[in-house]
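*Asks:* got a structure for you, letters missing:
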């Protein structure tokens with residue numbers, strides 16, 4: 001169970017966002033409890049009463065307050081909560097590096113951006129070692145070591161960074177559901193790629209860090225491009 005806070009002085013926005021966040025969490029089968037706060041004072045009182053939070057969606061412009069300065073206070077006081085800034089502008093994006101936010105969500109944002117923020121949060125809190133359900137058999141492996149996955153007939157072939165290939169009798173769609181969407185993207189009906197190894201994206205082809213090129217289908221080009229841009233921006237925030 002995760003505990004998530006929304007801190008925004010716009011109560012109508014908060015009510016709508018609460019519903020959207022709940023829906024995205026449910027779609028990912030993530031158990032979480034969400035609490036809303038109209039200002040930082042009410043959030044601090046909740047902390048003083050013993051509640052700890054794993055994640056806060058924090059508005060930068062909180063009436064007469066500044067969410068960025070409040071985030072700095074949380075870091076000084078060693079409050080261990082991950083932060084997603086909600087803002088109408090990216091003007092604090094550079095200054096915000098020192099509080100290590102997960103992401104900036106610029107209003108208005110879409111549900112896939114909420115999902116992406118949650119994926120990054122989960123990636124921080126879950127080991128890259130995953131357990132794949134192969135129907136009656138389970139396989140433990142480090143997802144970070146997968147370059148890409150390719151369909152071979154009724155099998156999926158995992159191409160590993162080590163150069164090893166592993167064939168699994170499982171559809172690519174089922175593998176995609178079990179791998180973190182914050183790191184893996186579908187480039188083609190036959191390919192699922194780890195964005196950590198993508199060197200460049202062109203129309204309609206991507207190049208991996210080892211020089212290998214893979215096709216990008218026309219229908220997936222824009223979604224892959226957007227996912228890759230978000231991924232690269234987030235990696236820069238973590239540096």
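*Replies:* Thanks, I have the structure now. No experiment lies behind these values; they were computed from the predicted model shown.

*Asks:* contact partners for the nearest residue to residue 87 once chain neighbours are set aside?
*Replies:* Nearest non-adjacent residue to residue 87, counting by CB to CB, 6 or more residues apart in numbering: residue 60, 4.3 Å away. (Glycine included, C-beta is placed from N, CA and C.) Residues near residue 60 by CB atoms under 8 Å, 6 or more residues apart in numbering: 66, 67, 68, 85, 86, 87, 92.

*Asks:* which of these fall in strands?
*Replies:* Mapping those onto strands (DSSP state E) picks out 66, 85, 86, 87.

*Asks:* show me what the second one is bridged to.
*Replies:* Residue 85 has these beta-bridge partners by DSSP bridges: residue 58, residue 104.

*Asks:* mind listing what it touches?
*Replies:* Neighbouring residues of residue 85 by CB under 8 Å, 6+ apart: 58, 59, 60, 67, 68, 71, 92, 96, 101, 103, 104, 105.

*Asks:* what strand or helix carries residue 148?
*Replies:* strand 146-152 (DSSP states H and E).

*Asks:* hmm, back to that, in PyMOL, select just the buried ones from the ones in strands among the contacts of residue 60.
*Replies:* Applying 16 or more other CB atoms under 10 Å to those leaves a buried subset, and the PyMOL line that selects it is:
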select buried, resi 85+86+87
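
*Asks:* in TSV: the ones in strands among the contacts of residue 60, plus distance to residue 171.
*Replies:* As requested, those are exported to TSV (distance: CB to CB, whole Å):
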residue	distance to residue 171
66	49
85	38
86	37
87	40
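
*Asks:* closest to residue 29 among the ones in strands among the contacts of residue 60?
*Replies:* Minimum distance to residue 29 across the ones in strands among the contacts of residue 60 is 24.3 Å, recorded for residue 86 (CB to CB).

*Asks:* which of the ones in strands among the contacts of residue 60 sits closest to residue 148?
*Replies:* Of the ones in strands among the contacts of residue 60, the one sitting nearest to residue 148 (CB to CB) turns out to be residue 85, at 32.2 Å.

*Asks:* where does the prediction get shaky in this protein?
*Replies:* 89-98, 126-128, 233-239 (pLDDT under 70).

*Asks:* how far away is residue 168 from residue 143?
*Replies:* Distance of residue 168 to residue 143, computed by CB to CB, to the nearest Å: 13 Å.

*Asks:* so what sits against both of these two?
*Replies:* Here residue 168 and residue 143 have no joint contacts, going by CB under 8 Å, 6+ apart.

*Asks:* which residues in the chain form helices?
*Replies:* For the chain, the helices defined by DSSP state H occupy 11-27, 40-48, 67-76, 111-125, 172-178, 221-238.

*Asks:* give the buried residues for the shortest one.
*Replies:* Under the neighbour-count criterion of 16+ other CB under 10 Å, helix 172-178 has 172, 175 buried.

*Asks:* tell me the contacts of residue 162?
*Replies:* residue 145.

*Asks:* ok, now with 6 Å
*Replies:* By CB atoms under 6 Å, 6 or more residues apart in numbering, the contact list for residue 162 is empty.

*Asks:* and residue 198, by the same measure?
*Replies:* Contacts of residue 198 by CB under 6 Å, 6+ apart are residue 206.

*Asks:* so which residue of this protein lies furthest out from the middle?
*Replies:* Distance from the centre of the chain peaks at residue 153, with 30.9 Å (CA atoms, centre = their mean).

*Asks:* and it, its phi and psi?
*Replies:* phi 60, psi -120 (degrees, to the nearest 10).
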